[in-house]
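Asks: A predicted structure for the sequence below; I have some questions about it.
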Amino acid sequence: MRAGVFSPQPRVSTAPDTAHLAQRLALGTAQFGLAYGLNNQTGQPSTEAVAEVLAAAQAADLTLLDTAAAYGNSEARLGELAGKNPAFELITKLPAGPPAQVAQHLAESLGRLRRKNLYGVMFHAFKPLQDEPAAWQALQAARAAGKVARIGVSLYHPHEAEWLLAEGWDIDLVQVPYNVLDQRFAAVLPRLAAHGLEVHVRSAFLQGLLLREPATLPDFFRPLTPKLTRLRHLAADAGVPLPALLLLFAAYAPGVVRTVIGVDSVANLHENLAAAPHLTTAEALRPALAELAEPTDTFILPYTWPPRP
């Protein structure tokens, strides 16, 4: 594992740090290129709406953008709207494969993003990388050439993180799912951070599932009603908006450096940033929220969910 090679990472702490919440966030951009999320009723935002969100993010000091080649036309839209703006740093994700293929994919992403170099590049999934370990050489070469500062992989299961730790790979960055229902990575996140990895988490709202009124849940999710009702009661009794509680639970989890949030409007972005004053109260609720963890994968892995009607 490599540590301390690039610029200092944001401070990892569970202490109240309300002035710097934006610096602990990364703006996810799947919404910019796809009709994304369980609660999405409007499809992709317009180019004007994306530009407004980016301007508001920059004004708030939220300047790390997370995208992927697989997110529809997200890379191209970011290239058009943010590619030449030095305030923004970019992370993208690629499929693993033979090194020459990975190098070609990276070149194409750089072209769409209109950048000569990126903050980070990750492989989009662990298993294809494990099946084609030579793919890692392409990212190492890109880092050595200055095309990317940090290289890593997006994970879905804790055993993948354990494998990386055991193998001691030369890796800088991982992204994992983490929220009040999906706490599978809770034990390994501090260990990843201790090995010098920059840990990003995603799915703080579980694609909007955690924000749904329990009475409106599709039949598949009805078994979650008691936990989601309990979650709402905890938030209400503490006087913390539910989205704020969910975001802070993820953003200040031990070992976490950044939390990726997806927004589709400036109002949605400001709602996330408004969570900061609630940090102390949210931290006091962390033990109660830890009890909401789901013991199986049935409801916490979106790829296992039935198709949207």
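Replies: Received it, and whenever you're ready, just let me know what you need.
Asks: lowest average confidence, helix or strand, in this structure?
Replies: helix 30-33 (a mean of 90; mean pLDDT, DSSP states H and E).
Asks: measure A56 to A100 for me?
Replies: As judged by C-beta to C-beta, to the nearest Å, A56 and A100 stand 40 Å apart. In this view, the C-beta of every residue, glycine as well, is placed from N, C-alpha and C.
Asks: Tell me which of these two has more neighbours.
Replies: A56 (19 against 10; other C-beta atoms under 10 Å).
Asks: so where do the strands sit in the stretch 51-200 of the chain?
Replies: 64-66, 89-94, 118-123, 148-154, 173-177, 198-202 (DSSP state E, counting those that start in this stretch).
Asks: Could you dump the ones you listed into TSV with distance to A51, mean neighbour count and mean pLDDT added?
Replies: Supplementary listing: the strands of the stretch 51-200 of the chain in TSV, determined by distance: least, C-beta to C-beta, whole Å; neighbours: other C-beta atoms under 10 Å; pLDDT from 0 to 100:
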stretch	distance to A51	mean neighbour count	mean pLDDT
strand 64-66	13	25	97
strand 89-94	16	24	98
strand 118-123	21	25	98
strand 148-154	26	23	98
strand 173-177	26	24	98
strand 198-202	24	25	98
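Asks: Nearest approach to P307 belongs to which of those?
Replies: strand 173-177 (19.9 Å; C-beta to C-beta).
Asks: who does the closest one pair up with?
Replies: Next to strand 173-177 in the sheet, as set by DSSP bridges, lie strand 148-154 (parallel), strand 198-202 (parallel).
Asks: Among these, which comes closest to P218?
Replies: Here strand 198-202 is closest among the strands paired with strand 173-177 (C-beta to C-beta), at 22.0 Å.
Asks: which other helices and strands contact the very next helix or strand once past the closest one?
Replies: Sequence order places helix 225-238 as the next helix or strand after strand 198-202, per DSSP states H and E. Packing contacts for helix 225-238, counted by 3 or more C-beta pairs under 8 Å, 6 or more residues apart in numbering; DSSP states H and E, involve helix 242-251, helix 279-284, helix 286-290.
Asks: how much space between E213 and D219?
Replies: In terms of C-beta to C-beta, E213 sits 15 Å off from D219.
Asks: for L155, same thing?
Replies: Taken as C-beta to C-beta, the span from L155 to D219 is 30 Å.
Asks: Which one of the strands of the stretch 51-200 of the chain lies nearest to G239?
Replies: strand 198-202 (25.1 Å).
Asks: so where is the stretch 101-250 of the chain shaky, pLDDT-wise?
Replies: Scanning the stretch 101-250 of the chain for pLDDT under 70 picks out nothing.
Asks: With neighbour numbers in mind, choose between L155 and D219.
Replies: L155 (22 against 7).
Asks: F185 and Y156, how far apart?
Replies: F185 is 10 Å from Y156, by C-beta to C-beta.
Asks: Give me the common contacts of the two.
Replies: V176, P177 (C-beta atoms under 8 Å, 6 or more residues apart in numbering).
Asks: Looking at those two, which has the bigger crowd around it?
Replies: F185 (23 against 17).
Asks: thinking again about what came up before, okay, the helices and strands packed on helix 225-238 in CSV with mean neighbour count next?
Replies: Converted to CSV, those look like this (neighbours: other C-beta atoms under 10 Å):
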stretch, mean neighbour count
helix 242-251, 23
helix 279-284, 16
helix 286-290, 14
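Asks: V260: which of the ones you listed is closest?
Replies: helix 242-251 (9.2 Å).
Asks: neighbouring contacts of that closest one?
Replies: With C-beta under 8 Å, 6+ apart, helix 242-251 has contacts from 21, 24-25, 178-180, 201, 204-205, 210-211, 231-232, 234-235, 238, 256, 259, 261, 271-272, 274-275, 278-279, 282-283, 285-286, 289.
Asks: Render the CA-only coordinates of it in CSV, please.
Replies: What follows is helix 242-251, C-alpha atoms only, in CSV (Å, rounded to 0.1, in the frame of the first residue of the first chain):
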residue,chain,number,x,y,z
LEU,A,242,-33.7,12.5,7.9
PRO,A,243,-31.5,13.2,4.9
ALA,A,244,-29.0,15.0,7.2
LEU,A,245,-28.9,12.1,9.6
LEU,A,246,-28.3,9.6,6.8
LEU,A,247,-25.6,11.7,5.2
LEU,A,248,-23.7,12.4,8.4
PHE,A,249,-23.8,8.7,9.4
ALA,A,250,-21.9,7.9,6.2
ALA,A,251,-19.7,10.9,6.0
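Asks: tell me the angle of the following helix or strand past it relative to helix 242-251?
Replies: Tracing the chain C-terminally past helix 242-251 and defining elements by DSSP H and E, one meets strand 258-262 next. Relative orientation of strand 258-262 versus helix 242-251 (axes from the mean of the first three to the mean of the last three C-alpha atoms, to 10 degrees): 150 degrees.
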